[in-house]
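Engineer: Below: sequence and its predicted model.
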Amino acid sequence: MYMKMYAKKLPVLFIIAMLLSACVNGGQTTREQASINAAASSTGNAASTVSNSVAQKSEEAGAGDSTALNTAGAENSEKTKTAELKTASEDELAEIEAIYRSLYIGELFESGYIYLEPFSTKRDVFNEKINLDKYPLSIKFYSFLSGSDSCFAAQFDSIFSYYVPAREESSSYFLQAFSEPEQHGLRYKLQANTDESLVGITLSGYEISNNTISNQGRKRPYSPEEHKKALSLIEKDKEIPGPDRTLDFISLENTIAGAEQICLLGIKDTPYEVLFSKYFAHTSEYTANVYVADFIKGGEVAKTYEKYNWDGPY
């Protein structure tokens, strides 16, 4: 299944005005990142295509973050955002929220233990204790790096409250090297041994019908509204001067516009698929691995969630 394009063609007169402006300013142009059709089909024969007209603009545009671009795209951005919200009814949003609340993300280690936390957890450097009153006793853990064949069955072992990398080697998902906080979640034990350490996902009360990874590493499509917010973040980050920061200024790659696809999960007996993506964000002192979950119905994104795992200060 392919995701529906967000991008819209600009009016002809506006394009002419942009070209004239570029000539006056010595050929400088602003860069408008194209949205791409990159969601995989549920059959696994996925492919990513680029809109020819929008892609041509992206290739011809120069690098740079422009206030003019932000203003020029505002009207189309607002229209796109409104249309996007209208695609999901209250009942659909309730269905999506239920699936979202059932998602757990975490890591499988060579010890045979799987450590998980709810995807809805906004994990920061303090890692406040989360409510784990209800949880599945048995799970199927799907790796982000492998297709549907890579499914691990496991049984509930315990609730943990400690810094996971202090007990398990080669952690990537739970690694918060600078803060090393107490982390909270669920621990499961594999029914069979493994020699792998993998980041992945499981659901409580739902089954995964397919796990497609054919578009892994490709850019996640983003809407004009998301692009507008990304440019706003970049401008805001520039307000913190160099001497007052330990980390460099952010770029488009450090926003949702820079997210790369991981996998596309089909949710059995529902009309929804979930596209998972990831990007690396940071501020002047803190960093975060950000996981994005796009809920897709009928080829259109109905709802997007972001999960930040912060670390610092650096």
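Structural biologist: Now that the structure is in, tell me what you want to look at.
Engineer: Kindly state the pLDDT recorded for residue 271?
Structural biologist: Note on residue 271: pLDDT of 97.
Engineer: show me where this protein has strands.
Structural biologist: 36-37, 49-50, 103-108, 113-118, 138-143, 151-161, 184-190, 198-203, 208-212, 260-267, 272-282, 287-297, 300-311 (DSSP state E).
Engineer: which one of these lies closest to residue 238?
Structural biologist: Nearest to residue 238 among those is strand 272-282; the distance by Cβ to Cβ comes to 13.8 Å. All C-beta atoms are positioned from the backbone trio N, CA, C, and that covers glycine.
Engineer: Export the strands of the chain as JSON lines, with columns for distance to residue 241 and mean neighbour count.
Structural biologist: Putting the strands of the chain into JSON lines (distance: least, Cβ to Cβ, whole Å; neighbours: other Cβ atoms under 10 Å) gives the following:
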{"stretch": "strand 36-37", "distance to residue 241": "36", "mean neighbour count": "20"}
{"stretch": "strand 49-50", "distance to residue 241": "38", "mean neighbour count": "15"}
{"stretch": "strand 103-108", "distance to residue 241": "36", "mean neighbour count": "24"}
{"stretch": "strand 113-118", "distance to residue 241": "36", "mean neighbour count": "24"}
{"stretch": "strand 138-143", "distance to residue 241": "43", "mean neighbour count": "18"}
{"stretch": "strand 151-161", "distance to residue 241": "39", "mean neighbour count": "15"}
{"stretch": "strand 184-190", "distance to residue 241": "37", "mean neighbour count": "20"}
{"stretch": "strand 198-203", "distance to residue 241": "36", "mean neighbour count": "23"}
{"stretch": "strand 208-212", "distance to residue 241": "45", "mean neighbour count": "19"}
{"stretch": "strand 260-267", "distance to residue 241": "30", "mean neighbour count": "24"}
{"stretch": "strand 272-282", "distance to residue 241": "16", "mean neighbour count": "22"}
{"stretch": "strand 287-297", "distance to residue 241": "19", "mean neighbour count": "21"}
{"stretch": "strand 300-311", "distance to residue 241": "22", "mean neighbour count": "19"}
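Engineer: Since that was my last question, I'll sign off now.
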